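Student: below: sequence and its predicted model.
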Amino acid sequence: MGTLGAKDIRQMQQVEVVIAPSLLTEGKVYQSAQKLGMGK
């Protein structure tokens, strides 16, 4: 629930789910642009 930012079960159930077809590369561009994670 903390990862989703939900305070309770009801809020967690209302979270929009996004399916990323390429989980290994998803977000790497953003990480490198923000100098976060392995993109430092």
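Tutor: Nice, I can see it.

Student: gap between K28 and V15?
Tutor: According to CB to CB, to the nearest Å, K28 and V15 sit 23 Å apart. In short, each C-beta sits where N, CA and C put it, glycine included.

Student: keeping just the C-alphas, turn the worst-scoring helix or strand of the chain on mean pLDDT into PDB.
Tutor: Sorting the helices and strands of the chain by mean pLDDT, DSSP states H and E puts helix 28-34 at the bottom, at a mean of 73. Taking Å, rounded to 0.1, in the frame of the first residue of the first chain, the C-alpha atoms of helix 28-34 are listed here in PDB:
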ATOM      1  CA  LYS A  28      15.300   3.400 -17.800                       C
ATOM      2  CA  VAL A  29      15.100   6.600 -19.900                       C
ATOM      3  CA  TYR A  30      13.500   8.500 -17.000                       C
ATOM      4  CA  GLN A  31      16.000   7.100 -14.500                       C
ATOM      5  CA  SER A  32      19.000   8.200 -16.600                       C
ATOM      6  CA  ALA A  33      17.400  11.600 -17.200                       C
ATOM      7  CA  GLN A  34      16.800  12.100 -13.500                       C
END
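
Student: below-threshold pLDDT in this protein: ranges please.
Tutor: Judged by pLDDT under 70, the chain has its weakly predicted residues at 19-27, 36-40.

Student: quick one: the helices in it?
Tutor: 9-13, 28-34 (DSSP state H).

Student: pipe these into CSV and attach distance to M1 and mean neighbour count per row.
Tutor: Shown next, in CSV, are these (distance: least, CB to CB, whole Å; neighbours: other CB atoms under 10 Å):
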stretch, distance to M1, mean neighbour count
helix 9-13, 5, 10
helix 28-34, 23, 12
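
Student: I'd like these as a markdown table, with distance to T3 appended.
Tutor: Formatted as a markdown table, the helices of the chain follow (distance: least, CB to CB, whole Å):
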| stretch | distance to T3 |
| --- | --- |
| helix 9-13 | 10 |
| helix 28-34 | 17 |
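
Student: so which of these comes closest to G2?
Tutor: Of all the helices of the chain, helix 9-13 sits nearest to G2, with 10.1 Å by CB to CB.

Student: using CSV, write out every CA atom in the closest one.
Tutor: Provided in CSV are the C-alpha atoms of helix 9-13 (Å, rounded to 0.1, in the frame of the first residue of the first chain):
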residue,chain,number,x,y,z
ILE,A,9,-7.7,-0.8,1.3
ARG,A,10,-10.4,1.2,-0.5
GLN,A,11,-7.9,3.6,-2.0
MET,A,12,-5.7,0.7,-3.0
GLN,A,13,-8.5,-0.9,-4.9
